[in-house]
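Pasted the sequence and its predicted model underneath.
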Amino acid sequence: MKKYIIAIDQGTTSTRAICFDQNQNVIRIVQEEIQNVFPQPGWVEQDAQSIWLSTLSCISQLFAPGDLKPEEVASIGITNQRETTVVWNKKTGMPVHRAIVWQSRQTADIVERFKKQGLEEKIHEKTGLVLDPYFSATKIRWILEECSIEDPEDLLFGTVDTWLVWKMTNGKVHVTDVTNASRTLLMNIHTLDWDPELLAWFGVPSNMLPMIVDTSGVVGYVDPVYFFNTPCPIACLVGDQQSALFGQSCFQKGEGKNTYGTGGFLLMNTGNQPILSKQGLLSTVAWKIQDQIAYALEGSIFVSGSLIQWLRDGLKFFKSAKDSEQLATDVDSCNGVMIVPAFTGLGAPYWDDQCRGAIFGLTRGTDIRHLTRAALESMAYQSKDLIQIMEEDLNQKIEYLKVDGGASSNRFLNQFQSDILEIPVYKNEMLEMTALGAARLAGLAVDFFTMNDFKDGETEQFLPSRDHESVEKLYAQWKKAVAATRMY
Ligand SMILES: Nc1ncnc2c1ncn2[C@@H]1O[C@H](COP(=O)(O)OP(=O)(O)O)[C@@H](O)[C@H]1O
Ligand SMILES: O=P(O)(O)OC[C@H](O)CO
């Protein structure tokens, strides 16, 4: 009898393996941090082999206590940091370069080259995306141009979902799902297939590309060597932000969520048609389950929780990210300090790959409490930038915000977010929303769950508590800081 679903949540900061039972409760969770490498300013890379090994290690730790039986697992779902690009040799199984992480700006020059060809509008129409180093296409181009490659015909490309499935199946299955493919700049969001014109423009050979599959459905079986001699089906691949949207039960048009992980991602379900933004939001595939397709409008923030990680690891302000909450509430305000965390440029709605981070308003009275508070507040201001544009693009008022992701356990952040948006913020008691989405989708594929099983859980509410005038004043200061950062 099958009792469990396992979700692998391969994020930018860590890899997690999570075991869910039939009631969608978390039975066990195992997590390993992932090393980021910063070879040059604005570049971010990870060792692809370590991503795979951390996944393998999390799976084996999940079963280490001996109480969970591998043969009781109905299926595995994989959700992953999107856009991050791996190119490897299919004969050796070895990556030809480190994985280029979604945040990395190392392809800014290549992007400039393509911008000069005047293709931006056409690319936007076909992909719903903007021409930016964020997406996979120019990262593949960079690897093809910069790495010495002996056997180009043996190269395979994959986002992290593809890489993990290829490894888990011992090189038998080379696939990606439609949500991940929609983040490459190579898939046409109307046909849901690789677009020959885009491949030609970006110079990406079609034989490197994985097959595009549904978000929910069995794509292959984990090689028994990696799963205690049990052939377990891999039944879902899904980008982590789309997965959180599914986990948050945003199944209807007009329902959305905001995730605060390494980056910040606001996604709104737009139904079975893509809506092209006029102001820098992205159109993306939310999921495809057989003949059911859902699209989303997305605002992507490059630096959100990773700003707190930088205060922790780079500036050594505190030992644990959760200490940031106490520090922030130890003072009543930031005393005029503003942080614009453009470490790798700014994403939506600015799409500025050249600017870099800045701190304003320092005085002799500034200390780590003000800086920590300013860091958390910047996460909320960036989300407000997106909400305003989303309301205009959709011609609809957003009445409340569902939040999740690692940093949403910070109650100061949630309260400040509600204050600055002047709408309620709902934090679900389920901490692993991203993994829940993948577990649900993997369970659907093997008839472990049905859609009727998916309900909203209990939430904690944060209600606006500031007067409108003070909110306006703070937000105007933020806009001034962003403008000054972009001028520098
Ligand atoms: N209590 C907290 N307050 C603020 N930030 C936090 C807190 N806990 C975690 N974070 C931040 O959230 C991020 C991790 O969130 P997570 O959703 O696990 O990210 P990812 O999916 O990108 O790996 C880290 O960047 C960390 O600094
Ligand atoms: O690692 P996360 O959870 O911040 O998500 C990364 C996104 O998928 C990048 O688009």
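Now that the structure is in, tell me what you want to look at. Ligands and ions are numbered 1, 2, ... in the order given.

What strand or helix carries Ile293?
strand 292-301 (DSSP states H and E).

ok, now Ser324?
Assigned by DSSP H and E, Ser324 falls in helix 323-329.

Averaged pLDDT, that helix. What do you get?
Across helix 323-329, pLDDT averages out at 97.

Which residues does the helix or strand following the strand holding Ile293 contact?
Per DSSP H and E, the first helix or strand lying C-terminal to strand 292-301 is helix 305-309. Helix 305-309 is contacted by residues 12-13, 103, 260-264, 321, 324, 339, 341, 343, 372, 375-376, 378-379, 405-407 when judged by C-beta atoms under 8 Å, 6 or more residues apart in numbering. Yep, even glycine has a C-beta here, placed from its N, CA and C like the rest.

again, 6 Å this time
The contact list for helix 305-309 (C-beta atoms under 6 Å, 6 or more residues apart in numbering) reads 260-262, 321, 324, 341, 375, 406-407.

Buried residues, that helix. List them.
305-309 (16 or more other C-beta atoms under 10 Å).

what's the answer for stretch 113-127, then?
Buried, per 16+ other C-beta under 10 Å, within stretch 113-127: 114, 119, 123-124, 126-127.

Residue in the stretch 1-150 of the chain with the shortest distance to ligand 1?
Nearest to ligand 1 in the stretch 1-150 of the chain, going by C-beta to the nearest ligand atom, is Gly11, at a distance of 2.5 Å.

and what of the stretch 201-350 of the chain?
Gly305 (2.7 Å).

residue contacts, the residue of the stretch 301-450 of the chain found nearest ligand 1?
Taking C-beta to the nearest ligand atom, ligand 1 has its nearest neighbour within the stretch 301-450 of the chain at Gly406, 2.1 Å off. Under the criterion of C-beta under 6 Å, 6+ apart, the contact list for Gly406 reads 261, 305.

and if you look at the one 10 residues further on?
Remark: with contacts taken as C-beta under 6 Å, 6+ apart, Phe416 is in contact with 377, 380.

next one: Gly357
341-343.

ok, and of those, which contact ligand 1?
With C-beta under 6 Å from any ligand atom as the criterion, these include none near ligand 1.

out of those, who's nearest Gly171?
Nearest to Gly171 out of these is Phe343 (C-beta to C-beta; 35.9 Å).

which residues touch the closest one?
Phe343 neighbours (C-beta under 6 Å, 6+ apart): 303, 357.

Please name the bridge partners of it.
Beta bridges link Phe343 to Gly345, judged by DSSP bridges.

Gly217 - how many residues pack around it?
21 (other C-beta atoms under 10 Å).

what's the closest non-adjacent residue to it?
Ala445 (5.1 Å; C-beta to C-beta, 6 or more residues apart in numbering).

Would you agree the one you found is in contact with Ser216?
Yes - contact status for Ala445 versus Ser216: in contact at 4.6 Å, counting by C-beta atoms under 6 Å.

hang on, the earlier thing: the residue nearest to Gly217 and ligand 2: what is the separation?
22 Å (C-beta to the nearest ligand atom, to the nearest Å).

same check, this time on Met487
27 Å.

Any figure for the gap between that residue and ligand 1?
Following C-beta to the nearest ligand atom, the distance that separates Met487 from ligand 1 is 28 Å.

which ones are touching that residue?
Met487 neighbours (C-beta under 6 Å, 6+ apart): none.

After the helix or strand harbouring Trp142, which helix or strand is next?
Using DSSP H and E, the secondary-structure element containing Trp142 is helix 136-146. Reading on from helix 136-146 to the C-terminus, the next helix or strand found by DSSP H and E is strand 155-158.

Would you give the sheet partners of that following strand, along with the direction of each?
strand 86-89 (antiparallel).

Please identify the buried residues of the partner strand?
Buried-residue list, strand 86-89, by 16+ other C-beta under 10 Å: 86-89.

Any chance of CSV for those residues, columns distance to ligand 1 and pLDDT?
As requested, those are exported to CSV (distance: C-beta to the nearest ligand atom, whole Å; pLDDT from 0 to 100):
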residue, distance to ligand 1, pLDDT
Val86, 17, 98
Val87, 22, 97
Trp88, 22, 97
Asn89, 28, 95
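
How about whichever helix or strand comes after the helix holding Ser324 and ligand 1, any contact?
Remark: after helix 323-329, the chain's next helix or strand is strand 338-340, criterion DSSP H and E. No - contact of strand 338-340 with ligand 1 (C-beta under 6 Å from any ligand atom) is absent, the minimum separation being 13.6 Å.

Please report the distance of Glu197 from ligand 1.
On the measure of C-beta to the nearest ligand atom, Glu197 and ligand 1 end up 33 Å apart.

now swap in Asp195 and tell me
29 Å.

can you count the residues close to that residue?
19.

Tell me who's in contact with Leu245.
257, 267, 286.

anything in the helix or strand it falls within near ligand 2?
Assigned by DSSP H and E, Leu245 falls within helix 240-247. Yes - residues of helix 240-247 contacting ligand 2 under C-beta under 6 Å from any ligand atom: 240-241.

I'd like the next helix or strand past that helix.
Next along from helix 240-247, by DSSP H and E: strand 256-260.

what packs against the following helix or strand past that following strand?
Next in sequence after strand 256-260, counting helices and strands by DSSP H and E, comes strand 264-271. Contacts defined by 3 or more C-beta pairs under 6 Å, 6 or more residues apart in numbering; DSSP states H and E place strand 264-271 against helix 240-247, strand 256-260, strand 292-301, helix 368-394.

Any chance of the ones you listed in a markdown table with mean pLDDT as columns?
Output for those, formatted as a markdown table (pLDDT from 0 to 100):
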| stretch | mean pLDDT |
| --- | --- |
| helix 240-247 | 96 |
| strand 256-260 | 94 |
| strand 292-301 | 95 |
| helix 368-394 | 95 |
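
For the stretch 151-300 of the chain, what lies in contact range of ligand 2?
Checking the stretch 151-300 of the chain against ligand 2 by C-beta under 6 Å from any ligand atom, the hits are 239-241, 261-263, 300.

near ligand 1 too, which of those?
261-262.

Highest neighbour count among the residues of the stretch 151-300 of the chain next to ligand 2?
Gly239 (35 neighbours).

Tell me the pLDDT of that residue.
So Gly239 comes in at 98 (pLDDT).

Show me what it bridges to in the sheet.
In beta-bridge terms (that is, DSSP bridges), Gly239 pairs with Asn80.

who's in contact with it?
82, 179-180.

Gln242 too?
The contact partners of Gln242, by C-beta under 6 Å, 6+ apart, come to 179, 286-287.
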